[in-house]
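Chemist: below: sequence and its predicted model.
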Amino acid sequence: MTHTDPIILASASPTRAEMLHAVAMTFTVDTAEIDEPQIRDEMASADPANVAATLAQKKALAVCARHPNSLVIGADQILNFDGKLLGKPGTRDGARGQLMELRGHTHQLVTSVCVGQDSEILWQHTNHANLEMRDFSDGFLEHYLDQAGPALNSPGAYHLESLGASLFATIDGDHFSILGLPLLPLLEFLRGRGAIQA
């Protein structure tokens, strides 16, 4: 492989794209069309790390099929709360329910990233972060929901890079991974492949 092979991000996440833009990576976005809820349901009894890794791989390989010779980055994030995997709430009521469930407790974010080329996964990295939500008031919860916007479409109904940070008491884990992409291991792999400047 040479550094001229295109890099493609198989994700619609603006936060992941912003992270790659911030390190001056040249890439395009092509969103993978996979049925994430169905895959999560089928793997409900699996280890959360396996679920996140599988979803990241399926996203990458779906886009690889459309772009021969390209390096395709797939990523996924799972919210694990006492063995229960929480998906994207999608609505204000769903977000309220998730936040009330998580309030005052610690949950885990499992984030996986991989790079595929053609029909092969070349590399994968998965890590965990533990996040403790503070015992915020019902009034703060409604105030938060009024302003959360796109965060309502994220597992746990928060974006740590914005107002969501105010939901937490403590956070233990890699900042980039919590945002949705283990950036430093990914960059190290791409430098080793000659895909980006070392």
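Modeler: Okay, I see it.
Chemist: please enumerate the helices of this protein.
Modeler: Assigned by DSSP state H, the chain shows helices spanning 14-22, 36-42, 48-64, 92-102, 138-147, 175-179, 183-192.
Chemist: can you pull the pLDDT of Asp76?
Modeler: At Asp76, the model reports a pLDDT of 95.
Chemist: over to His3?
Modeler: 49.
Chemist: ditto for the one 5 residues further on
Modeler: Model confidence at Ile8, given as pLDDT, is 98.
Chemist: mean pLDDT lowest where, among the helices of the chain?
Modeler: When the helices of the chain are ranked by mean pLDDT, helix 36-42 comes last with a mean of 88.
Chemist: how far away from the center of its chain is that helix?
Modeler: In terms of CA atoms, centre = their mean, to the nearest Å, the gap separating the centre of helix 36-42 from the centre of its chain is 16 Å.
Chemist: show me what it is in contact with.
Modeler: Val51, Thr54, Leu55, Lys58, Asp76, Ile78, Leu85, Gly87 (CB atoms under 8 Å, 6 or more residues apart in numbering). (Each C-beta comes from the backbone N, C-alpha and C, glycine too.)
Chemist: now the third one: how far from Ala44?
Modeler: The one in question is Leu55. For Leu55, the distance to Ala44 (CB to CB, to the nearest Å) stands at 13 Å.
Chemist: what do you get for the fourth one?
Modeler: Counting by CB to CB, the gap from Lys58 to Ala44 is 16 Å.
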